[in-house]
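Visitor: prediction below, plus the sequence it came from.
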Number of protein chains: 2
Amino acid sequence: MGNNQHDVPDIVVGRLPIYLRALSAMQAGGKHYTSSHELAEWLGISSAQIRKDLSHIGEFGKQGTGYSVSGLHEQLRQILHLDREWPLIVVGAGNIGSAVASYTGFAQRGFRVVALFDHDPQKIGTQAGPFTVRDNEEIPSFVKGNHVLHAMIAVPAQYAQEVADLLVASGIQGILNYAPINLSVPEGVHVEYIDPVLHLQKMTYYFD
Amino acid sequence: MGNNQHDVPDIVVGRLPIYLRALSAMQAGGKHYTSSHELAEWLGISSAQIRKDLSHIGEFGKQGTGYSVSGLHEQLRQILHLDREWPLIVVGAGNIGSAVASYTGFAQRGFRVVALFDHDPQKIGTQAGPFTVRDNEEIPSFVKGNHVLHAMIAVPAQYAQEVADLLVASGIQGILNYAPINLSVPEGVHVEYIDPVLHLQKMTYYFD
């Protein structure tokens, strides 16, 4: 059951992985059916929003039984193209990059880190978890040779844009940026950001 | 110039740290004035949205000159209560927890990690970057004794809820959770989430 690209609004696409994660947890807990109300309680998203979001992907809960956990789980995996394993590279072999490259949480969620790069001659060739750190200069050939579309940037902020440029020129189409700056990329390249400080600063608004 | 709590919508509060980050970068680059259009271009947020967001905090750009970078920067720092340094603890001394605890990016953005905890006797007492790993059992007394309000959870998913319960019981009011599960906390406690896989999964929707 193919899925028509780009017919789900971007904001809804952003919530689908959250539903998938909750369904995975339910499945692991042996649950067979769920409802928009139960999902709402788990996730802090309103049940009306959840029903509306899921109707975008053609899934409507049945009165009385609700949603099949495994059915909805499988459908979300297909729509998000997670019915395969995507290779992923990490650029930056510092604390964060090395920790993320070794993170075991990618398995069974659709991704596998296949290489870790750095530009520092002191780091190139050293071992970081399961990876021997490779030279940034190998990025273009590695990305093309291994059909890699996703990369994480975990370099200091002042190098992040030049690394992004190199990644895009090499064929990377999705960047997850851990450096605390906004990147400029051509249309069609997706960038997502992780900056723990933004989350902490948001909370302190509410603190005295 | 005190700020009336809770008069800014939550969704707008979430964008204020993003504006602050951009203004810090502009300040570092020697820029004195900016406009909603320039911020829009940096951030990929519409200029109308930016003007509306900033009007919530009583800041209106002037025709012709726009916003004062340092003035707006200072005002955002005050509204977000970042005109001080907040102590922060990290629970979980694995790869991610140790890397985050040692992350140098908190300095000058309002936070300082003051302790790293774990429940594993093999890790307690060992050195992780600048920290000697402390026993989780010390969390309640440490949090109270040091007036800590923020904590990061970087433990495996199956332990995250019990750690959250301990943190809340100890007086923590803001949790940044790196474990890939949704936490259940009492009203008034703020939880934010970091899960790199969610960001990657969102991108793959657009890939074939």
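Guide: Sure thing, it's come through.
Visitor: using the three-state scheme, assign the closest residue to residue A:25 other than its chain neighbours.
Guide: Closest residue in space to residue A:25, ignoring its immediate chain neighbours: residue B:181 at 6.3 Å, by C-beta to C-beta, 6 or more residues apart in numbering or on different chains. C-beta here means a position set from N, CA and C on the backbone, and glycine is covered the same way. Following DSSP: H, G, I helix; E, B strand; the rest coil, the label given to residue B:181 is coil.
Visitor: what is the burial count for residue B:181?
Guide: 20 (other C-beta atoms under 10 Å in any protein chain shown).
Visitor: for it, what are its contacts?
Guide: A:21, A:25, B:157, B:160-161 (C-beta atoms under 8 Å, 6 or more residues apart in numbering or on different chains).
Visitor: in helices only, show me those residues.
Guide: Assigned to helices by DSSP state H, the following of these qualify: A:21, A:25, B:157, B:160-161.
Visitor: just put those in JSON lines and tack on neighbour count, pLDDT and distance to residue A:165.
Guide: Supplementary listing: these in JSON lines, determined by neighbours: other C-beta atoms under 10 Å in any protein chain shown; pLDDT from 0 to 100; distance: C-beta to C-beta, whole Å:
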{"residue": "A:21", "neighbour count": "23", "pLDDT": "95", "distance to residue A:165": "32"}
{"residue": "A:25", "neighbour count": "16", "pLDDT": "92", "distance to residue A:165": "38"}
{"residue": "B:157", "neighbour count": "16", "pLDDT": "92", "distance to residue A:165": "36"}
{"residue": "B:160", "neighbour count": "22", "pLDDT": "97", "distance to residue A:165": "37"}
{"residue": "B:161", "neighbour count": "18", "pLDDT": "97", "distance to residue A:165": "42"}
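Visitor: for residue A:124, state which of those is nearest.
Guide: Nearest to residue A:124 out of those is residue B:157 (C-beta to C-beta; 33.6 Å).
Visitor: tell me where chain A has strands.
Guide: Assigned by DSSP state E, chain A shows strands spanning A:33-34, A:67-68, A:86-91, A:111-118, A:127-128, A:131-132, A:134-135, A:150-153, A:174-177, A:190-193.
Visitor: list the helices and strands the last one packs on?
Guide: Meaning strand A:190-193. strand A:174-177, helix B:196-204 (3 or more C-beta pairs under 8 Å, 6 or more residues apart in numbering or on different chains; DSSP states H and E).
Visitor: check whether the helix or strand of chain A with the lowest mean pLDDT contacts chain B.
Guide: Least confident element among the helices and strands of chain A, by mean pLDDT, DSSP states H and E: helix A:36-43 (a mean of 91). Yes. Contact of helix A:36-43 with chain B (C-beta under 8 Å from any C-beta of the partner chain) involves A:42-43.
Visitor: apart from its chain neighbours, what residue comes closest to the residue positioned nearest the centre of chain A?
Guide: The C-alpha lying nearest the average C-alpha coordinate of chain A belongs to residue A:176 (C-alpha atoms, centre = their mean; 7.3 Å). Excluding the flanking residues, the one nearest residue A:176 by C-beta to C-beta, 6+ apart is residue A:152, at 4.6 Å.
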